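Chemist: Return a 3D structure for these sequence lines:
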Amino acid sequence: MASRTSSAAQRPTAASSIPRPPLNVHPAATISETAYFQGTHPISVGAGTVIHPRAKLLSFKGPVSIGEGCIIGEKSVIGGPVASNSGLSTPTTPSATATAAPLDFAAGLDPSSSPSPGKTVTIIENSVSIGPLATISAGSHIHSAAAIESSAFLGKDVKVGRHAKVCTSCSIPEGDTIEDWTVIWGDGKAGGGLGNKLKRRKRAAGKGDDDRNLHGMNGGLVETGRLVALNRERESLTRLIGIGAGKRR
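Modeler: This is a model prediction of the structure:
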């Protein structure tokens, strides 16, 4: 990896002027060598998280915090959207990483690097799956065990609750909130809110929620099964991508 870093440094490219963010990547994270890390604010990645090839993590607008056990899909954008003049052309991999401190989601980042007032913090909590080509705009907060499917778009400051799901190609407008255990689906973009083209429904949350009937119990079991499948997928991806952050030092 040292030779790769030195040879890349010798090549004069337009991307050489793009700022490299401070990185706090857990050694147990698995990150493709073709993932992008660019920006000026800190980016942290928790244990067991897998980041696919050509995913872009951008911290130009503020810090980015990704929790444990997440999957960040290929060509997805976190902390975007990507500006047309961003100059993205060369991947920036975390060649020198530190063991990540436990993430404090209430504060927005790990406790040792709390953002300054006015910064736009992007938070992805634990066990979140982000599909290929999805865009998570700066300021979004995705709570634990949520799923954002392929080509979905989350506008600035969108809040996605626990165990919620945004289906393929849905576009969530800036500042909207998706409650816990809610599914969003429908025909593309939402004009002036989710009531026009997109639809939402509340999923049965299962035991411990207000809905305690048999259907609700089954809903909870289905979600438990999905999270088990997510963990198996992460394990397979770790072997497939083959290079964890801790092995890159």
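
Chemist: Please name every helix or strand in contact with the biggest helix by length in the chain.
Modeler: Ranked by residue count under DSSP state H, the longest helix found in the chain is helix 214-241. Packed against helix 214-241, as judged by 3 or more Cβ pairs under 8 Å, 6 or more residues apart in numbering; DSSP states H and E, are the following elements: strand 30-31, strand 50-51, strand 71-72. C-beta here means a position set from N, CA and C on the backbone, and glycine is covered the same way.

Chemist: Turn the ones you listed into a markdown table, including mean neighbour count and distance to S17.
Modeler: Compiled in a markdown table, the helices and strands packed on helix 214-241 are given as follows (neighbours: other Cβ atoms under 10 Å; distance: least, Cβ to Cβ, whole Å):
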| stretch | mean neighbour count | distance to S17 |
| --- | --- | --- |
| strand 30-31 | 25 | 23 |
| strand 50-51 | 28 | 24 |
| strand 71-72 | 26 | 25 |
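
Chemist: Quick check: bridge partners of the spatially closest residue to I43 that is not a sequence neighbour?
Modeler: Nearest non-adjacent residue to I43, counting by Cβ to Cβ, 6 or more residues apart in numbering: V64, 4.5 Å away. Beta-bridge partners recorded for V64 (DSSP bridges): I43, T122.

Chemist: in this structure, which ranges drop under the pLDDT threshold?
Modeler: 1-16, 83-118, 187-196, 204-219, 242-249 (pLDDT under 70).

Chemist: what about the helices in it?
Modeler: Under DSSP H, the chain gives helices at 2-10, 214-241.

Chemist: related to what we said a few turns ago, what would the helices and strands packed on helix 214-241 look like in a markdown table with distance to I241?
Modeler: Listed next are the helices and strands packed on helix 214-241 as a markdown table, based on distance: least, Cβ to Cβ, whole Å:
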| stretch | distance to I241 |
| --- | --- |
| strand 30-31 | 5 |
| strand 50-51 | 7 |
| strand 71-72 | 11 |
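
Chemist: Enumerate every residue touching the residue nearest to I43.
Modeler: 21, 39, 41-44, 57-58, 78-79, 121-122 (Cβ atoms under 8 Å, 6 or more residues apart in numbering).

Chemist: Quick check on the residues you listed: which are buried?
Modeler: 21, 39, 41-44, 57-58, 78-79, 121-122 (16 or more other Cβ atoms under 10 Å).

Chemist: okay, the contacts of V64 in a markdown table with distance to W181 next?
Modeler: Output for the contacts of V64, formatted as a markdown table (distance: Cβ to Cβ, whole Å):
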| residue | distance to W181 |
| --- | --- |
| P21 | 33 |
| G39 | 32 |
| H41 | 31 |
| P42 | 31 |
| I43 | 29 |
| S44 | 27 |
| L57 | 28 |
| L58 | 29 |
| I78 | 23 |
| G79 | 26 |
| V121 | 24 |
| T122 | 23 |
